[in-house]
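Asks: Can you look at this prediction? I've put the sequence above it.
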Amino acid sequence: MLATCLAQGTSGSPTVRVMSRDTQALLDTGSVVTLLRPVLAGGKAGEPMEVACVHGGTRTYDTCHVVIRTPHGVFTAQAGIVPNLPVPLLIGRDCPIFRPNKVWHVDGYDKLKPFGIAISGCIDGYSRRLMWLSSDSTNNNPAVIARYYLQCVSNCGVVPARLRTDCGTENGDMAAIQCSLREDHTDEFAGPLSHMYGTSTANQRIESWWSIFRKQRTQFWMDLFSDLRDRHYFNGTHEHKCLVWYVLLGIFQKELDEHRELWNNHTIRPVRQSLCPSGKPETMYHLPHRFGGRDCGFQVDPQVLQEFKDLLPPTNSLCGDDNLQYFANLERQSQLAPPINWPAAVDNYLTLKEMAGL
């Protein structure tokens, strides 16, 4: 079982009842299972449970069957008994109160940043549907991340009940917009509580997905760029990064779009001892009633979204218009055709690099 290794505080955590005791709980869609402190254990003993952290280590814990009463209903869970758990009760994805748009997990992926390409991603905690997977020259600009968020909310027509990010300054505009869009609602996570800060490593729903993403997609690009560097065709300078971005970003984003489509329509297999549904992320997100759930998103006025978009500053490339125009002029002079795949893009990169004297 995959579980969180550190809870990020209990601010805004709901009060629930475990058996006959009231306690604070932390909802964590990054954890497959529910965990609790020994003081709350009291139900029928269950089989020992192996809990694996996303960072590596695995430990075995005793378990017990407990009844947990929440503001959204009552459920039974086989919970792991963890002596040093930072919170009294950590509710994982085996709790059926997790639903589409309950929590969106946002994070940046920096493995390709040394080569000029930065990625931002967001995943729905319940369905595991990728909400966006986008690349640009930066993922540190708050306006860039806020535009990804606003475009996604506009496409979905709803704002999530909660948004979880790390403490990076690039998330500030998005967090403020999320809280503003939720300020007039009356649920327990309305307004400021609709956004959660935590460390990137503890945001395990998206963090664990990045490891899958690397194996299936980005390792190839890391090896490709490393090969260019080893052959002295790439030296890490600003100009080289800008040329990579200019030539390869379109092809790379196309691959991200294809990967997002494949992921959202692949079948997630059932996990033993977990009540979290299995199936295709796209289906679990759009048809939650088939899995005994409901959409937790809140409708949003398109006009309000447009007003926020208008308030954001322009998001210019880090490469600057002059550099991009220079590369475009060289491309026209050499009559290079726009690349349709990565080999063609690499050929264009090498040709333009030579023409520019980089």
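Replies: Okay, I see it.

Asks: Show the residue spans covered by the helices in the protein.
Replies: Secondary structure of the chain by DSSP state H: the helices cover 142-156, 172-181, 204-213, 219-230, 238-264, 281-286, 302-311, 321-334, 342-356.

Asks: For the third one, enumerate the helices and strands it packs against.
Replies: The helices and strands touching helix 204-213, judged by 3 or more CB pairs under 8 Å, 6 or more residues apart in numbering; DSSP states H and E, are strand 103-109, strand 118-124. In this view, the C-beta of every residue, glycine as well, is placed from N, C-alpha and C.

Asks: buried stuff in it?
Replies: 204-210, 213 (16 or more other CB atoms under 10 Å).

Asks: same check, this time on the shortest one
Replies: When neighbours are counted by 16+ other CB under 10 Å, the buried residues of helix 281-286 are found to be 281-285.

Asks: what about that helix, distance to the chain center?
Replies: With CA atoms, centre = their mean, to the nearest Å as the basis, helix 281-286 stands 16 Å off its chain's centre.

Asks: CA atoms of that helix as CSV?
Replies: Extracted in CSV, the C-alpha atoms of helix 281-286 (Å, rounded to 0.1, in the frame of the first residue of the first chain):
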residue,chain,number,x,y,z
PRO,A,281,-9.8,8.0,-15.3
GLU,A,282,-11.9,9.7,-17.9
THR,A,283,-14.9,7.5,-17.0
MET,A,284,-14.4,7.8,-13.3
TYR,A,285,-14.2,11.6,-13.6
HIS,A,286,-17.2,12.2,-15.9
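
Asks: Tabulate the helices and strands packed on helix 204-213 (CSV), appending mean pLDDT, mean neighbour count and distance to residue 224.
Replies: Below are the helices and strands packed on helix 204-213 laid out as CSV (pLDDT from 0 to 100; neighbours: other CB atoms under 10 Å; distance: least, CB to CB, whole Å):
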stretch, mean pLDDT, mean neighbour count, distance to residue 224
strand 103-109, 94, 25, 16
strand 118-124, 95, 24, 15
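
Asks: Next, format these as TSV and append distance to residue 27.
Replies: Formatted as TSV, the helices and strands packed on helix 204-213 follow (distance: least, CB to CB, whole Å):
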stretch	distance to residue 27
strand 103-109	7
strand 118-124	14
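
Asks: circling back to that earlier point, compile the buried residues of helix 204-213 into JSON lines and extend it with columns for pLDDT and distance to residue 306.
Replies: Shown next, in JSON lines, are the buried residues of helix 204-213 (pLDDT from 0 to 100; distance: CB to CB, whole Å):
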{"residue": "204", "pLDDT": "77", "distance to residue 306": "34"}
{"residue": "205", "pLDDT": "83", "distance to residue 306": "29"}
{"residue": "206", "pLDDT": "90", "distance to residue 306": "27"}
{"residue": "207", "pLDDT": "89", "distance to residue 306": "32"}
{"residue": "208", "pLDDT": "86", "distance to residue 306": "35"}
{"residue": "209", "pLDDT": "92", "distance to residue 306": "30"}
{"residue": "210", "pLDDT": "93", "distance to residue 306": "32"}
{"residue": "213", "pLDDT": "93", "distance to residue 306": "32"}
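
Asks: rank the helices of the chain by pLDDT, which is bottom?
Replies: Mean pLDDT values for these show the minimum at helix 321-334, a mean of 82.

Asks: Output that helix as CSV, restricted to C-alpha atoms.
Replies: The C-alpha trace of helix 321-334 is given here as CSV (Å, rounded to 0.1, in the frame of the first residue of the first chain):
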residue,chain,number,x,y,z
ASP,A,321,11.0,38.1,-28.8
ASP,A,322,14.3,39.1,-30.4
ASN,A,323,15.8,35.6,-30.0
LEU,A,324,12.7,33.9,-31.3
GLN,A,325,12.4,36.2,-34.2
TYR,A,326,16.1,35.6,-35.1
PHE,A,327,15.6,31.9,-35.1
ALA,A,328,12.4,32.3,-37.2
ASN,A,329,14.3,34.4,-39.8
LEU,A,330,17.1,31.8,-40.0
GLU,A,331,14.4,29.1,-40.5
ARG,A,332,12.9,31.0,-43.4
GLN,A,333,16.3,31.6,-45.0
SER,A,334,17.2,27.9,-44.9
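
Asks: Between helix 342-356 and it, find me the angle.
Replies: Between helix 321-334 and helix 342-356, the angle comes out at 100 degrees (axes from the mean of the first three to the mean of the last three CA atoms, to 10 degrees).
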